[in-house]
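S.K.: Quick one: sequence plus predicted model below, questions after.
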Amino acid sequence: VKKIILDCDPGHDDAIALMMAVASPEIDLLAVTASAGNQTPQKTLNNVLRMLTLLGQTDIPVAGGNQKPLLQDLQVAASVHGETGLDGATLPEPGFAAQSITAVELIAKTLRASTVPVTLVVTGPMTNAALFLSVHPELRSKIAQIVFMGGAMGLGNWTPQVEFNMFVDPEAAKIVFDAGIPLVMAGLDVTHKAQILPADVIAFRELNNPVALAIADLLDFYHIYYSQPKWGFKGTPVHDPCTLAWLIAPEMFTSVKRPLDIETTGKLTRGETIVDYYELTGEPANAKILLDIDREKFVDLLAQCLQTFA
Ligand code: BDR
Ligand code: CA
């Protein structure tokens with residue numbers, strides 16, 4: 001069983017990652033922190049609380065994160081996730097409150113209390129993770145690895161070369177990549193292959209429990225953005241759940257270990273992740289880069305997780 005802290009910005013795909021973290025017997029979800037990204041920090045925090053209420057997990061410690069990226073202003077993804085950040089589903093109002101400490105302090109407190117190293121899963125911009133690493137260097141050894149959704153090896157989804165989470169806070173990603181902690185990157189290379197087809201959503205809906213129905217509603221809304229012809233997708237890529245899927249069933253993936261860095265100054269490429277695929281730099285291979293996923297097994301895993309809420 002892997003102990004994790006999930007730092008996320010729900011976000012439709014973040015909400016599915018949260019569902020998996022709660023459902024899977026392989027995962028022990030110690031705490032959830034909200035980041036500013038897909039929507040404002042107030043909205044993403046509220047969405048974490050609403051989702052955990054839906055999932056029946058009102059005892060998990062939750063905290064809100066930094067209000068904005070380290071250097072630049074926050075840019076949200078309302079065009080993808082709607083005005084609430086989780087448009088398309090009717091979710092319960094929060095049945096509990098966030099802790100009165102910051103995300104950074106909740107991460108610190110959780111790590112201090114754990115007797116074994118904990119995996120930090122980041123599915124939004126890396127602001128909270130970077131602040132945590134900067135403020136609490138003494139706790140770095142308590143982090144087993146950082147598994148994150150972001151970046152790509154040469155593609156972008158927000159600008160031609162830049163993925164959204166990296167776009168929002170490139171300086172934060174730079175701090176995380178340079179921290180000397182093992183990294184696992186679920187970038188667009190793999191997440192664009194983790195597509196949920198319309199028929200899969202119908203099958204989820206047929207599970208007919210409140211969580212499966214809400215997730216199906218979220219997926220229907222999420223599909224609107226990704227059904228634009230420019231993407232050329234048959235279904236909806238659900239990016240963030242790839243992090244949880246890798247923790248639960250790594251055999252579903254192919255990957256390579258390579259040096260990973262991020263461009264923070266380029267005019268057209270600020271936020272572009274740089275994977276040294278041919279190992280030209282001689283830098284240490286600090287990241288496992290996920291490249292491919294067995295889509296059918298991934299969909300089966302999601303269905304299995306959804307079934308647990310019957
Ligand atoms: C990432 O950006 C957000 O819109 C999603 O939640 C995901 O984390 C994909 O680029
Ligand atoms: Ca996200």
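M.R.: Yep, it's here. Ligands and ions are numbered 1, 2, ... in the order given.
S.K.: Give me the residues contacting the helix or strand where V299 lies.
M.R.: For V299, the host element (DSSP states H and E) is helix 295-307. Under the contact criterion Cβ atoms under 8 Å, 6 or more residues apart in numbering, helix 295-307 has outside partners 16, 19-20, 23-24, 193-197, 200, 203-204, 207, 209, 211-212, 215, 241-242, 245, 248-249, 252. Placement of C-beta: from N, CA and C, glycine included.
S.K.: What remains of the residues you listed if I keep only buried residues?
M.R.: Neighbour counting by 16 or more other Cβ atoms under 10 Å classes 16, 19-20, 23-24, 193-196, 200, 203-204, 207, 211-212, 215, 241-242, 245, 248-249, 252 among those as buried.
S.K.: In strands only, show me those.
M.R.: Q195, I196 (DSSP state E).
S.K.: For G124, which non-adjacent residue is spatially closest?
M.R.: D9 (3.1 Å; Cβ to Cβ, 6 or more residues apart in numbering).
S.K.: from what I can see the one you found touches S35, true?
M.R.: Yes - D9 is within contact range of S35, at 4.6 Å (criterion: Cβ atoms under 8 Å).
S.K.: And these two? Which one has more around it.
M.R.: D9 (35 against 32; other Cβ atoms under 10 Å).
S.K.: any idea of the pLDDT on that one?
M.R.: At D9, the model reports a pLDDT of 98.
S.K.: give the contact list for it.
M.R.: D9 is in contact with A34, S35, A36, G37, N38, Q39, T44, G85, T123, G124, P125, counting by Cβ under 8 Å, 6+ apart.
S.K.: Could you save those residues as TSV and add columns showing distance to ligand 1 and pLDDT?
M.R.: Below are those laid out as TSV (distance: Cβ to the nearest ligand atom, whole Å; pLDDT from 0 to 100):
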residue	distance to ligand 1	pLDDT
A34	12	98
S35	10	98
A36	12	98
G37	7	98
N38	5	98
Q39	10	98
T44	10	98
G85	9	98
T123	5	99
G124	6	98
P125	9	98
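S.K.: Cross-reference those with the strands and report the matches.
M.R.: Per DSSP E, the subset of the contacts of D9 in strands is A34.
S.K.: The contacts of D9 in helices, which ones?
M.R.: The members of the contacts of D9 that map onto helices under DSSP state H are T44.
S.K.: of the contacts of D9, buried ones?
M.R.: The neighbour count (16+ other Cβ under 10 Å) marks A34, S35, A36, G37, N38, Q39, T44, G85, T123, G124, P125 as buried among those.
S.K.: Tell me which residue in the stretch 151-300 of the chain sits closest to ligand 2.
M.R.: In the stretch 151-300 of the chain, no residue comes nearer to ligand 2 than D240, which is 4.8 Å away by Cβ to the ion.
S.K.: residue contacts, that residue?
M.R.: C8, G11, D13, D14, I16, A17, T123, M149, A186, T191.
S.K.: returning to that earlier point: pull the helix holding V299 out as PDB, backbone CA atoms only.
M.R.: Taking Å, rounded to 0.1, in the frame of the first residue of the first chain, the C-alpha atoms of helix 295-307 are listed here in PDB:
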ATOM      1  CA  ARG A 295      -5.800   1.900 -22.600                       C
ATOM      2  CA  GLU A 296      -8.200  -1.000 -22.100                       C
ATOM      3  CA  LYS A 297      -6.600  -1.900 -18.800                       C
ATOM      4  CA  PHE A 298      -6.800   1.700 -17.700                       C
ATOM      5  CA  VAL A 299     -10.500   1.900 -18.400                       C
ATOM      6  CA  ASP A 300     -11.000  -1.400 -16.500                       C
ATOM      7  CA  LEU A 301      -9.200   0.000 -13.500                       C
ATOM      8  CA  LEU A 302     -11.400   3.100 -13.600                       C
ATOM      9  CA  ALA A 303     -14.500   0.900 -13.700                       C
ATOM     10  CA  GLN A 304     -13.200  -1.200 -10.900                       C
ATOM     11  CA  CYS A 305     -12.600   1.900  -8.800                       C
ATOM     12  CA  LEU A 306     -16.100   3.200  -9.600                       C
ATOM     13  CA  GLN A 307     -17.700  -0.100  -8.600                       C
END
